[in-house]
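Novice: Can you look at this prediction? I've put the sequence above it.
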Amino acid sequence: MVEVSSTIKGALSLFDYRLSDALGSGRFGSCYLISQYDKFFVFKIFNSNDVKRFKRKLVLEGKYLKSINHPAIPKLIRVIDTDGIYGLIMERMSGDSLEDLLNQGYPFSKKEIFLIIKQLIDVMEYLYSLKISHRDIKASNILWKNNKISLVDFGSARDLSILSCRFNPDFWGMGDVFMRLALSSQEMTFSHHDFYIDDLNLDSQEKIIVKRLLHIEQPYDNIQDLKRDFVYGFSIDQNNEQKIIN
């Protein structure tokens, strides 16, 4: 049984939720698996000291999730704000994080890597239509199951308008995820000593796209140009993309 305070258990019980397991912790709080009848959800509870000091910022995560309706992003079910407890109950997304899969030595293929980044670009295009920047795209925040991604943890999300015109953390994050997956892929590396973009098994156009994501070359200034270049720039059989999903 998860060891948590009776106050947290009591706050959950007010809404007929029960604690099932601990999922992990981060800078501002912890996540738990909770259940209500036969359904499971994720409960993200923020550290009480941070709630006192930064609540105006912490509430933004719930605000953004409430406005989002996308199958790859967890839905906000309820905000709990009672007895000094502040947390979010969210839809439980299935799959393992890319971080866990990398640590397990999962051999990503080039087609899988293409599909992950392509879906990530589509999700970001949707978020940008809502003027939302995720700002924390990394392997641990992307779940992967049945060749489909989920993007989680919107704790760093902010209004798109505050992004610097010189640096887009979402694009850089996608580039970083691409590199981590590519460097773990036997199909995309020639040896265990390959650590740089130019060492990867990519053509010149593909390398430029990755370099632009990582701000090594002229960075992208909009999601539409990135999507166009990525879809048409990578030498993946587009006709087989649906086969990968299925």
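Specialist: Nice, thanks for sending it over. Numbers count the residues shown, from 1 in each chain.
Novice: Tell me where the chain has helices.
Specialist: Assigned by DSSP state H, the chain shows helices spanning 6-13, 48-67, 98-103, 110-129, 169-183, 204-213, 223-233, 241-245.
Novice: Residue 45 and residue 186, how far apart?
Specialist: Residue 45 sits 41 Å away from residue 186, going by Cβ to Cβ, to the nearest Å. (Each C-beta comes from the backbone N, C-alpha and C, glycine too.)
Novice: cool, residue 64 as well?
Specialist: For residue 64 relative to residue 186 (Cβ to Cβ), the value is 38 Å.
Novice: more neighbours, the two?
Specialist: residue 64 (22 against 11; other Cβ atoms under 10 Å).
Novice: Residue 157 is in contact with the more buried one, correct?
Specialist: Yes - the criterion here is Cβ atoms under 8 Å, and residue 64 meets it with residue 157 at 4.8 Å.
Novice: what is in contact with the two at once?
Specialist: Common contact partners of residue 64 and residue 157 (Cβ atoms under 8 Å, 6 or more residues apart in numbering): residue 132.
Novice: quick one on the thing from earlier: closest one to residue 142 among the helices of the chain?
Specialist: helix 98-103 (4.9 Å; Cβ to Cβ).
Novice: for that closest one, packing partners?
Specialist: Counting contacts by 3 or more Cβ pairs under 8 Å, 6 or more residues apart in numbering; DSSP states H and E, helix 98-103 is packed against strand 142-145, helix 169-183.
Novice: Tell me how many other residues surround residue 49.
Specialist: Residue 49, neighbours per other Cβ under 10 Å, totals 9.
Novice: Can you tell me how far it is from residue 11?
Specialist: Counting by Cβ to Cβ - residue 49 and residue 11 are separated by 17 Å.
Novice: Likewise for residue 113?
Specialist: For residue 113, the distance to residue 11 - Cβ to Cβ - is 41 Å.
Novice: now swap in residue 218 and tell me
Specialist: On the measure of Cβ to Cβ, residue 218 and residue 11 end up 50 Å apart.
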